[in-house]
Each structure stands twice: as structure tokens, then as C-alpha cells.
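>>> Provided below for reference: sequence and predicted model.
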2 protein chains.
Amino acid sequence: MGLGAGATKDLATTTPSDSSAVSGTRLTPEPRSAARTDGVDRPGRVTITDVARVAGVSVATVSKVVNGRYGVAASTAERVLEVVEDLGYESSLVARSLRRRRTNVIGVLVAEFEPFSTELLKGISAAIEGTGYELLAYSGGSTAGADRVGWERRSVSRLGGTLIDGAVIVTPTVVAPVHDGVPVVAIDPHTGPSGAPTVDSDSLEGARTATEYLIGLGHTRIAYLGGRPDLESARLRELGFREAMSAHGLAVDPDLVRVGGYRPDRADAPAHELLDREDRPTAVFAANDLSAIRMIEVAHEMGLRVPQDLSVIGYDNVPESATCTPPLTTIAQPLHQMGAEALRMLIDLLDGSEREQHLRLPTSLVERASCAPPAA
Amino acid sequence: MGLGAGATKDLATTTPSDSSAVSGTRLTPEPRSAARTDGVDRPGRVTITDVARVAGVSVATVSKVVNGRYGVAASTAERVLEVVEDLGYESSLVARSLRRRRTNVIGVLVAEFEPFSTELLKGISAAIEGTGYELLAYSGGSTAGADRVGWERRSVSRLGGTLIDGAVIVTPTVVAPVHDGVPVVAIDPHTGPSGAPTVDSDSLEGARTATEYLIGLGHTRIAYLGGRPDLESARLRELGFREAMSAHGLAVDPDLVRVGGYRPDRADAPAHELLDREDRPTAVFAANDLSAIRMIEVAHEMGLRVPQDLSVIGYDNVPESATCTPPLTTIAQPLHQMGAEALRMLIDLLDGSEREQHLRLPTSLVERASCAPPAA
DNA sequence: GTGAAAGCGCTAACAC
DNA sequence: GTGTTAGCGCTTTCAC
């Protein structure tokens, strides 16, 4: 699954895949024990109706008991609870949310579960502890082909109003006319300050920092491997790069600015273009870690040593950036914190207390081993 | 958020949090433009009823158009589609799944989004591409207090039958009497081969490998920092440790076997107990990376150098294991692959084609920098 | 071709 | 106290 992880030496001598160990237990949808006395053997879950029938009460009563409402005799409640236990009944989130206003679940909408979004997710998950909300992460972008664009809108519409009370959208893409009455906070949005509240990191300053670090090391011929051109963050990072270069009197060679696409597989061609030339750069600033890692791999394939022959610096600081060889020096976004803050903003929104609309967090430099002064 | 990430040097000079940038745009739930001609101003999403009303047809017709069913005049369909576009209608996953049999969404049920489960998630996400399914990850364990135990059962019941067609459960805990007719595959289950199909890694062999690696380095006084005692994987890893030790004629000091709990915060006390003694071990095998990382941190706090004074080896190979100092040598579970395989098995189950029930993948040793021969 | 009506599992008024 | 009823948004017969 990409990303080499240090020296890997397979010492396991066991059978690689004893997939033949089929025990007798099969997942047969045989009808449950107690429930369903009549002939209808829907294999599905046990519903409130099943409980009502077995307990000899109405579904309304069961609902009251389950939800701890008033107006139920202690004896009845006890009996119902017993049946609930017996049958292993658990109310359907779907049916409940269709009826109720609030569900107490917050949605995290991502295009895909990759290192960036999962880091955010970790931060959100840690922060949700004790808030009374549950987390539901939905990957709406994976339906390729069709309309990969606008998945955020689609996802919010599909889940919002029912199922989730609000959403934090992890989107490097458009977020514009989203939210059909569903409170939403966007992380790393396409456009800058747009409709919804947002949290992002200071890409402009971070890119300056990265570039100046390279310059400080003595590099003058520096390449920029950009992110997707339609993204605000990518635009800002390129701008920061250019600003830092010119602030130090360094020229930016147009041939040394390429688009990497924020995905390792998309970084392949531009990486080759950058390196496969007489006057290749001595250093590269990649607009995100995954491209940077791919950049290193490509350099290796071409016989270049990192950092001796080529310095590479990334952006994001997903944990994967530490697993490549050499470990990547990178500009760290406070990913966990960004997730936590987004959650906080969303909950504030849900509680009606309005706070700030846009939060921009600072980045920091994480020095590992992929950068060095240029070869003399 | 824990886990130091190499040398961190904050160079950002920007405002740490310009949370005052409240633009004029507020997320007011004002009624949508075209829809809702009557007085009822539910701020919510646009429903099929809205579309029907605006298009001047029945909801049944809209449903047919949206789902591409036969029996609708081309002209009608066109008009409806136009309104759908206009209003930005998107059918509610909830309502739809309540009515339909299949939803084409697969659930990934986790207790919490931490490094282990998110790695699996990455593997699943990558593997789901092109299958026609969408991914929905649900964190059911975060509701502390109540019944942290049995969240799997609860989650499956709440989501299954409706919303998700099947689930892969990421559970180091019980999985036993789960599945109310919902196809389920468990990753890293509590019990070994139980009711549902499972995929895990070869903990026994992996633990042997780790222990033998330490022994091969020359260590004889080796400690074991275990995982939660109620877990099968933890049991197997301890067994592998003991087997390897005795196979090499080494004694296991009972004082050098402690429980770490699979969570960094739970590893604190036992780590101190292990290190805070005259005859402390020269090496530690921790049953998972997060404990191992915490172990290293504790060692540092106590003035010990890793690996010079203490060797530490972990288990799992979550990417975080590379971000600590020194980078952790660890036994790698093929996490992405395990996720992908679990998904494959689940889809097979859904398609009716039954395959193997239990898949056990081999581990491998990833050498980084946290182990060395014992000080002479 | 189109719409009326039933019902998925559940909750919330409102009767009894 | 408890049951009856009316939907939530949607799909699906089955009449017209």
C-alpha cells in the first residue's frame, strides 16, 4: 500500500494465508430464538414491533420504556425491558432519526479516507469524548466517474436533516452552496472565507517557512511541486514560495514549478519532469507530504540520493511522512487540533451560541532528514 | 496530541489564532429560494415532496425519474430533472434505506478513531474503489460510562437492516453474538474463530519474531508490556513471548510482565514499574506500538537512553511508530491489507458467494532505531 | 404515463 | 397507564 516503512524483512515463517480454516460456524440468517411466533421469517433485525408483540403491549409503550418517558407502570416497564434484553433489541438509528429532530450524531464528510482526513478524524474523535455526540464518518467521494465534484453537497443532502445533526466537511474542494439548513464547518476549504465557517492552517506563512528553510540551507535552485491548481491552499502555498524566493532575491524558474495533484500517483510525472534534466534543482518544496514522499521515491529510482543530491521538504505532517527513507522534513499542520477545533465550532453552532467564523492555525517546521545543504 | 514528531520548531510568526475574522456571512437557515410556496418554513432539506409540488407531479413520479424507472414520459422526466437541479434535491439516505432492501453502503464499526482503526480504514477505503459501495464509518464506543462493552452489538443493531448492507467490525473486544442477519466480518476479534468470519494477523508468530530479535541482539533480561488481558491477541502475543524465551533457555521474570492496556495513557504506570527498579530489563517487547511509544517516553523521562540503555520493540506498525524518537522498531501487521481483505470477504458474503471464514495474515519485522545490543 | 395509497421502524400527540 | 393514530421521506404495487 505504497509508502515504504523502513527496512522490511519478512521473518514470518507461518502459512501466509491459511484460508482453509473454515470452521463449522456459518453466518446463517436463521430466525432468532424467542421472537417471531408467526410464520413470517424475515431474517432481519428485531424491531420494536417484535418487542411489543412478545411483551404483549403496544409499540408506543415499548417506545416510552426504551426512551425513559413517563407514564408507564413499573411492572410493565420491567417486563418490556426484559423482552428487550432477551431479544437483544436496539432501536434503529435510521427510523428514529427519520422521526426525531436531533440524533446526537455528528457527521464527518470526507472524499476518501487517506492520511490527511484520517488525521483530522483522530482529532475529532478524541475531542468528541464526553460531548454526548457520536461520530459518523462518510466517504462520499469514492463513487468515481459520475460527479466527483460536488460530493460534499451530495453527502450533506443525503445525510443532513436526518441522521446527522451537523457536519464537518473535510474538503480541499468546493464548499460553496452547501448546507440545506444543516450546520456545517469546513476544514481546509477550496475557497477562502466563503459561506460556511472554516478552519484551516496558514498555508501562506507555512510555505514561506519551508522555502526560507531551504534557502537558509544554501539552496538557490529550488523547485516547487504544487497541489491541485483549483485549491486555495495550493494557490497560497505557491504564493508563499514565490514571495519567499523573491524576498531573498532568488528567481523562480518556470520550468521548476509543477503540479503534483495532492495524490502520490499524480505526482509521478511532474516529479520526473523536475528531475530528468541537466539543470535539475538541488531542492524541492512539495505542497503536501504524499507528493513529497513520491518525489523522494522517484529521486531514488533515478539514482539520486536524498538529501545529499536532492533536498525535499513537504507540507502537512501526516504520520506517514516519518515512515519514508529518509524521514521527511515537513511543515506541520496541527491536524488533530484542527479537527478538534472544527468540532468545537460545530457544536457551538448546534447549541446556538455563535462564535468565530474562520479559524486559521499556525504551522511549524518539523526537521527530519530529507534536507541538507546543496552539494558543493 | 501526544506522539512527538521529531524536532519541532515553531517558526510561524503569524497570529496564532485570528478568531476574530467574522465575515458577514452567517449560516442562517433561511428558507430556500424556489421551494415551499406555503407558509410552512421548515428550514430543513428539500424533500421529494418539494420537488413534486414545484414540478407539478406526484412524488411517485419524481421517485421514478430519480431512480430511472420505466414508465415516465420523456417530457415529464425532463421537467422533473430540471426542478431537481434547481432545488438541489438529493434523496435522503435515511428515508430511502428505510424503505429499500439494499443501500449499497458498507459500515465500518470502530470503538474509536485511533491509529489502528484508521489504518484499517485507509485499506478499506482504497479497496472499495470501484466496487459500487460507499463507506460509512461509525464510532459507537465513544459513549463512555454506560456500556462500553458490547458497543459492537449495539452499533450493528442500530445501523444494520437499514442504512448499511453489511459491516466490518474493528474490534479487539467481544464479537460473539453479533449480527442480526447483518453480514459481518470482524477484524482482530476478541475470541479466536467465533461466530463471524474474521481476519487477523499471526500474533503468536509475530511475538516470537519480536522476542527472538531481541534475543538475537544479545538481550536476556527482557520485559513484556502486554495488552488488555481480555484480548485474544494479547494472550497470543504473551504466549509467543514466553515460548520464544523458553525455547532459548531464558527465564521470564514474573516481575517483568506487565499489562499496558493498548492505550498510551494506560501504559504509563506499568512502564514506570518496569523501569523503576535495580534490576531493570535491558529490553522491552510491548504488545502494541502506542504502549511502546509511551514506554520510550517514560524511559526518556527517567533519564534512560533508547536504545543504548533500553531497547524497545512494538507491534502493529501504525505510521505513528515512525514519528517518535528514536523511530520504533516494530512487528508490522499488514493493516491496509487486512482492511482490504475484510472488505473483500464482506462483499463476497453480500453477493452470496461464500469463501473462507478466517484469514490470518503474516507479520514482518520493521527495523528502525529503537533496538540495539545491551550495554556491555 | 401517472397518481393514490400502503408501509419501512419509529416517536409523539392525543384519546381512552 | 396504555393504545390508537398520524406522520418523518421515500419506494413500490396497483389502479386509473
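Received, thanks.
>>> near chain B, which residues of the stretch 201-350 of chain A show up?
Taking Cβ under 8 Å from any Cβ of the partner chain as the criterion, the stretch 201-350 of chain A approaches chain B at residues A:202, A:205-206, A:209, A:213, A:317-320, A:322-323, A:327, A:332, A:336-337, A:349. Heads up, the C-betas are built off the backbone N, CA and C, glycines and all.
>>> of these, closest to DNA strand D?
Set against DNA strand D, the nearest of those by Cβ to the nearest atom of the strand is A:Leu349 (20.6 Å).
>>> just the buried members of the residues of the stretch 201-350 of chain A next to chain B?
A:202, A:205-206, A:209, A:213, A:317-320, A:322-323, A:327, A:332, A:336-337, A:349 (16 or more other Cβ atoms under 10 Å in any protein chain shown).
>>> Out of the residues you listed, which one has the weakest pLDDT?
Lowest pLDDT of these: A:Leu349, 90.
>>> Surely that one forms part of a helix?
Yes - assignment of A:Leu349 by DSSP: H, G, I helix; E, B strand; the rest coil places it within a helix.
>>> Just give the nearest non-adjacent residue to it, would you?
Spatial nearest neighbour of A:Leu349, excluding adjacent residues (Cβ to Cβ, 6 or more residues apart in numbering or on different chains): A:Pro183 at 4.2 Å.
>>> Below-threshold pLDDT in the stretch 51-200 of chain A: ranges please.
Residues of the stretch 51-200 of chain A meeting the criterion pLDDT under 70: A:141-149, A:172-180, A:190-194.
>>> Kindly report the residues of the stretch 51-200 of chain A close to DNA strand C.
With the criterion set to Cβ under 7 Å from any atom of the strand, the stretch 51-200 of chain A comes near DNA strand C through A:59-60, A:63, A:66-67, A:69, A:89, A:91-92, A:95-96, A:98-100.
>>> need the helices for chain A, in chain order.
Listed in chain order, the helices of chain A (DSSP state H) span A:48-55, A:59-66, A:74-87, A:93-99, A:115-128, A:151-159, A:203-216, A:232-247, A:268-275, A:289-301, A:335-350.
>>> So what's the residue count around A:Val257?
Neighbour count of A:Val257, defined by other Cβ atoms under 10 Å in any protein chain shown: 16.
>>> before we move on, what about A:Thr171?
Around A:Thr171 there are 24 other residues, counting by other Cβ under 10 Å.
>>> check contacts around it.
By Cβ atoms under 8 Å, 6 or more residues apart in numbering or on different chains, the contact list for A:Thr171 reads A:Leu109, A:Ala111, A:Glu152, A:Ala186, A:Ile187, A:Asp188, A:Pro189, A:His190.
>>> The residues of the stretch 51-200 of chain A next to DNA strand C also near chain B: which ones?
The subset of those lying close to chain B, counting by Cβ under 8 Å from any Cβ, consists of A:Tyr89, A:Ser91, A:Ser92, A:Ala95, A:Leu98.
>>> what residue is smack in the middle of chain A?
By Cα atoms, centre = their mean, the mean C-alpha position of chain A lies nearest to A:Ser117, the distance being 1.5 Å.
>>> Not counting its neighbours along the chain, what's nearest that residue?
Of all residues not flanking A:Ser117 in the chain, A:Val110 sits nearest, at 4.1 Å (Cβ to Cβ, 6+ apart).
>>> swap in A:Leu350?
Excluding the flanking residues, the one nearest A:Leu350 by Cβ to Cβ, 6+ apart is A:Gly166, at 5.3 Å.
>>> who does the one you found bridge with?
A:Gly166 has these beta-bridge partners by DSSP bridges: A:Ile106.
>>> Wait, it touches A:Asp351, no?
No - contact criterion Cβ atoms under 8 Å: A:Gly166 and A:Asp351 do not qualify, at 10.3 Å.
>>> neighbour count winner among those two?
The neighbour comparison of A:Gly166 against A:Asp351 (other Cβ under 10 Å) goes to A:Gly166, with 21 against 9.
>>> show me what contacts the more buried one?
By Cβ under 8 Å, 6+ apart, A:Gly166 lies in contact with A:Ile106, A:Gly107, A:Val182, A:Pro183, A:Val184, A:Val185, A:Leu346, A:Ile347, A:Leu349, A:Leu350.
>>> Out of these, grab the one that's most surrounded.
Neighbour tally across those (other Cβ under 10 Å): the maximum, 28 neighbours, falls on A:Val185.
>>> and chain A, which residues reach DNA strand D?
Checking chain A against DNA strand D by Cβ under 7 Å from any atom of the strand, the hits are A:56-61, A:64, A:71-73, A:75-77, A:95, A:98-99, A:161-162.
>>> Now which of the residues you listed would you call buried?
A:Val57, A:Thr61, A:Lys64, A:Val72, A:Thr76, A:Ala77, A:Ala95, A:Leu98, A:Gly161, A:Thr162.
>>> Would you check which pair of those lies furthest apart?
Pairwise distances across those peak at 34.2 Å for A:Thr76 and A:Gly161 (criterion: Cβ to Cβ).
>>> what residues go with each domain of chain A?
With domains defined by automatic domain parsing, chain A comprises A:14-100, A:105-200+A:335-361, A:203-333.
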